[in-house]
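**Student:** Sequence plus the predicted model coming up.
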Amino acid sequence: MTPTASAIEELLGAQAGVLSRAQARAAGLSVDAVDRILAARRWLPVQPRVYRDAAHPDTVEAGVRAAVLWAGADAVLSGAAAAWWWGLPIGPPGTVTVTVPRRRAPRPRDGIVVRRRALDPADVTAHRGVPVTGRALAALEAAVELGGAGGAALLDRVLAAPPGADRLDPARLVAAHARNVGARGSAAAGELLAGALRRARAGAAHRIRAALVRARIGGWRCDHPVAGVVVPLAFPAARVAVEVRSGAPAPATDATAVLVAGTGDEWRRAVLRRAGWRVLVLDPAEVLHRPGRVVAAVRYVLTDRPPGPGLPSAAG
């Protein structure tokens with residue numbers, strides 16, 4: 001096998017059997033060689049100047065890759081297709097959305113939606129060899145594309161994912177939305193995200209109370225007023241407030257042991273601190289997946305014992 005043939009085979013293997021004419025030329029094939037392969041039907045046109053090797057199946061992945069290759073080197077996979085590409089809980093895309101810079105205006109094609117806008121560099125990355133919007137923005141845009149109950153369900157599932165290095169926590173979703181305020185669909189994304197955050201916090205608060213009851217930890221009150229603010233879950237005798245983390249940006253922490261990751265509502269924390277209270281802020285995903293750790297954290301705070309490895313201290 002010649003170096004050119006080897007490079008082509010490697011490229012096809014890495015790209016689900018598709019490649020662009022520009023890639024074939026860069027790998028060493030002449031224009032005539034590309035045309036001969038097409039004439040022999042060894043490569044099948046799938047988009048203008050984008051081909052699929054006939055030996056490779058026509059898959060969803062191949063279609064997504066072909067759409068991005070057709071849109072150009074500065075195109076970015078976006079929307080529901082990007083969410084599917086990241087492995088978020090969504091079905092294969094019926095259409096592929098690509099975002100290109102405003103200076104370009106490729107005509108949409110069947111099955112491909114083209115959007116012209118400038119993306120924040122923080123929202124652009126590469127995954128599996130394809131330029132794609134970050135997971136947070138992909139989730140928000142996919143929720144808007146699904147709309148209504150479907151979009152709400154997607155964000156609920158994203159927020160309920162187990163804690164870990166790849167989890168989309170509230171802060172990342174809120175930050176992605178903030179970077180794209182004013183873009184098409186951002187208002188709908190904000191409404192869907194706000195609803196999902198409310199549901200996540202309400203569900204987490206209910207689970208915290210249930211865990212405290214099971215652990216026979218008493219002395220707590222719901223919706224307890226302190227210095228003009230209402231604490232959802234308070235231990236008045238210990239002057240400890242327990243809250244579920246909001247979506248405000250938080251300091252970076254060890255992603256494998258995130259239990260407290262910033263307060264979200266910093267003004268509430270400041271008010272409570274001035275009143276002599278400490279605040280224990282819990283991640284909703286921790287409450288859902290690791291209730292035992294949550295109970296342990298509450299016990300540590302109430303007894304003023306030093307926290308164990310991976311457990312938080314209350315913010316004073």
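**Tutor:** Perfect, I can see it now.
**Student:** Now do the helices in the protein.
**Tutor:** 3-14, 21-26, 31-39, 60-71, 79-86, 135-146, 148-159, 170-179, 186-214, 266-274, 284-289, 291-303 (DSSP state H).
**Student:** neighbours around the residue lying closest to Pro106 once chain neighbours are set aside, how many?
**Tutor:** Of all residues not flanking Pro106 in the chain, Val114 sits nearest, at 5.5 Å (C-beta to C-beta, 6 or more residues apart in numbering). Where you see a C-beta, it was placed from the backbone N, CA and C, and this is true even at glycine. Val114 has 20 neighbouring residues, counting by other C-beta atoms under 10 Å.
**Student:** got any ranges where the stretch 51-200 of the chain has weak pLDDT?
**Tutor:** 165 (pLDDT under 70).
**Student:** hmm, try it at 80
**Tutor:** Residues of the stretch 51-200 of the chain that meet the criterion pLDDT under 80 lie in 105, 108, 163-167.
**Student:** so what's Val98 bridging to?
**Tutor:** Bridge pairing for Val98 (DSSP bridges) gives the partners Leu77, Val114.
**Student:** Ala241 pairs with what?
**Tutor:** Ala234, Val279.
**Student:** so it makes contact with Leu282?
**Tutor:** No. Ala241 lies out of contact with Leu282 (C-beta atoms under 8 Å); the separation is 11.1 Å.
**Student:** can you redo the helices of the chain as a markdown table with distance to Ala122?
**Tutor:** Listed next are these as a markdown table, based on distance: least, C-beta to C-beta, whole Å:
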| stretch | distance to Ala122 |
| --- | --- |
| helix 3-14 | 26 |
| helix 21-26 | 28 |
| helix 31-39 | 38 |
| helix 60-71 | 20 |
| helix 79-86 | 15 |
| helix 135-146 | 9 |
| helix 148-159 | 18 |
| helix 170-179 | 6 |
| helix 186-214 | 15 |
| helix 266-274 | 22 |
| helix 284-289 | 22 |
| helix 291-303 | 31 |
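**Student:** wait, the residue nearest to Pro106 sits on Val98?
**Tutor:** Yes. Contact status for Val114 versus Val98: in contact at 5.8 Å, counting by C-beta under 8 Å.
**Student:** Overlap in contacts, the two.
**Tutor:** Ala71 (C-beta atoms under 8 Å, 6 or more residues apart in numbering).
**Student:** Nearest to Val226, out of the helices of the chain?
**Tutor:** Of all those, helix 266-274 sits nearest to Val226, with 6.1 Å by C-beta to C-beta.
**Student:** Please list all residues in contact with Asp120.
**Tutor:** Under the criterion of C-beta under 8 Å, 6+ apart, the contact list for Asp120 reads 179-180.
**Student:** check contacts around the residue nearest to Pro106.
**Tutor:** Per C-beta under 8 Å, 6+ apart, neighbours of Val114: 71, 97-100, 105-108.
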